[in-house]
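In: Provided below for reference: sequence and predicted model.
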Amino acid sequence: NASNLGAEAQSANWTAVLAPASWVAGLDDTGRVAVSADGITWSEVDINAVIGASSIKSIAYGQGRWILTAANLVATSTDGHNWSLMDVTAAIASGVIKDGVHYSSEADRWMLGGSNYPQRYVATSTDGTTWSAPSDLDNETDADMAPNSFHYARGTWAVARYSGRVAVSTDNGVNWTYKSTVDGPVGGSGVIYANGVWLKATSGTGGTHNYSRMSTDGGVNWNAVDYIASGGTQFGQAAYGNDVFGYGDPGFNYNRFVEILTSTPTTLTIRSVSPAVGNFLYSTTAFGDGLWVMGRTNAEIRTTTTDFNNWTIRASGLTDTASFIAYGGLHNTPDAFTITDQTGVATSTAINSNVVSIDNHVGSLKVFAGNGAQVCINDTDSDLSNGCSTGFVAGDGTGSVSSGDTVGFQMTSSASNSTEKVSTIQIGT
């Protein structure tokens, strides 16, 4: 008798699914981005086939998509890994250089800058795909005065020009009014807002001045601030997080991080960054969910949380300098929420906000509330009418929320009559 034994080979197919990016960094002159799910581990993605070997000028995230600008191109991605060109020619012609791009969750709107000497343009979008006919910022005599940075807060858009100028719009980019002309040089970190303070930083002539412009009245009046007395030189891409405006110094003072508290915005603090490996400059800074991320001209990316003197090298030997870094991702983006302004309150009094639900994100996100505000998570009364049943915590990221949690805030009003006090809330993107 004979028996036959048969062996059938079995196979299994595996598909590697890349984690969606929480951080995207544009690399100079390479047509590449570096991406990270956590800001700690980074990998490069070659998108040369999409944008060519172009330097990436700006990156933003909103409404489920990343958008970047490179030369005269605009590209988009839903995960930070796979990119395609976006056609914006209905708004800004194909030959026009694309400059800054920004999304505001507060306004639920995009802004895109373009420049084709001597014209400077701003186009807007409510969905990140269809763009309006652009506004013309005006004609300039200098060819290097691009609209490279946008920000929105409390009804006002501001755009920073590489010329050192800042313009504002209160009608979602239809009309723009110039508010400042900084004497002398061009350059700077763009424009940023937090806790009632607008800041537009600009470099100075030969390091002799570091003129910046600041507004504390909603962008109506912008006053000059000269940071050179504090040792400041040039300004890289600035970020805001946890009561601090921060940026790496891209000038000729190596290994420095500059810290400006929103409570004392006319004063800066210079931090000497360790490890000080060689004489290299810092090109870009970003903040997200408690993490500061900074690019360095020796093709490094570094991070820290609260210690601005000590940074950890997370990526080295990148193809080129990380020229712009942004934080985002659908998993880091809860549904929009609104904290209602309160007027006519008593002076020097603890004021409670409305309570909102933080929904439709993945994992937990830290809660930051600036200007001394405190945070209440999952109050049992759901309205803070009897204080915070779970106990108020500091607005420094101590508290975290998962999807479906509720959060409210408490802030002590100003001691002066008719004086506004603002807290910037950060939860995710």
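Out: Yep, it's here. As the structure is a prediction and not an experimental result, all values here were calculated from the model.
In: How about the contacts made by V197?
Out: M214, S215, T216, T262, P265 (C-beta atoms under 8 Å, 6 or more residues apart in numbering). Yep, even glycine has a C-beta here, placed from its N, CA and C like the rest.
In: so what pLDDT did it get?
Out: Among the per-residue scores, V197 shows a pLDDT of 94.
In: For it, list each beta-bridge partner.
Out: The residues listed as beta-bridge partners of V197 by DSSP bridges are A194.
In: follow-up on the earlier one: compare the contacts of V197 and tell me which is most surrounded.
Out: Tallying neighbours with other C-beta atoms under 10 Å puts S215 at the head of the contacts of V197, with 23 neighbours.
In: Tell me if I'm right that that residue and W198 touch.
Out: Yes. With contact defined as C-beta atoms under 8 Å, S215 reaches W198; the gap is 4.0 Å.
In: Can you pull the residues that touch both of those two?
Out: Common neighbours of S215 and W198 (C-beta under 8 Å, 6+ apart) are W222.
In: related to what we said a few turns ago, filter the contacts of V197 down to just the ones in strands.
Out: Residues of the contacts of V197 located in strands (DSSP state E): M214, S215.
In: Flag whichever of the contacts of V197 scores worst on pLDDT.
Out: M214 (85).
In: got the contacts of V197 as JSON lines, with distance to I313 columns?
Out: JSON lines is the format used below for the contacts of V197 (distance: C-beta to C-beta, whole Å):
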{"residue": "M214", "distance to I313": "33"}
{"residue": "S215", "distance to I313": "36"}
{"residue": "T216", "distance to I313": "37"}
{"residue": "T262", "distance to I313": "28"}
{"residue": "P265", "distance to I313": "30"}
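In: What is the most widely separated pair among the contacts of V197?
Out: Within the contacts of V197, S215 and T262 form the most distant pair, 12.7 Å apart (C-beta to C-beta).
In: Between the two ends of stretch 369-379, what distance do you get?
Out: 17 Å (C-alpha to C-alpha, to the nearest Å).
In: Going by neighbour count, which residues of it are buried?
Out: Across stretch 369-379, burial judged by 16 or more other C-beta atoms under 10 Å covers A369, G370, N371, A373, Q374, V375, C376, I377, N378, D379.
In: Which residue is the nearest non-sequential neighbour of P275?
Out: The shortest distance from P275 to any non-neighbouring residue, by C-beta to C-beta, 6 or more residues apart in numbering, is to I313 (7.2 Å).
In: any idea which element the one you found lies in?
Out: Per DSSP states H and E, I313 falls inside strand 312-315.
In: now that strand: mean pLDDT?
Out: The model assigns strand 312-315 a mean pLDDT of 95.
In: Over to stretch 174-182?
Out: Stretch 174-182 comes out at a mean pLDDT of 75.
In: Please apply the same query to stretch 325-332.
Out: For stretch 325-332, the per-residue pLDDT averages 93.
In: That stretch spans what distance, first to last residue?
Out: 16 Å.
In: Stretch 354-368 too?
Out: Stretch 354-368 has an end-to-end distance of 16 Å (C-alpha to C-alpha).
In: so how far is it off the chain centroid?
Out: Centre-to-centre, stretch 354-368 and its host chain are 19 Å apart (C-alpha atoms, centre = their mean, to the nearest Å).
In: Stretch 72-80 too?
Out: Stretch 72-80 sits 17 Å away from the centroid of its parent chain (C-alpha atoms, centre = their mean).
In: Can you give the contact residues for that stretch?
Out: Contacts for stretch 72-80 (C-beta under 8 Å, 6+ apart): 18, 20-21, 23-24, 33, 35, 45, 47, 50-52, 54, 64-68, 83-86, 88, 94-98, 101, 112, 128, 329-330.
In: Lovely, talk soon.
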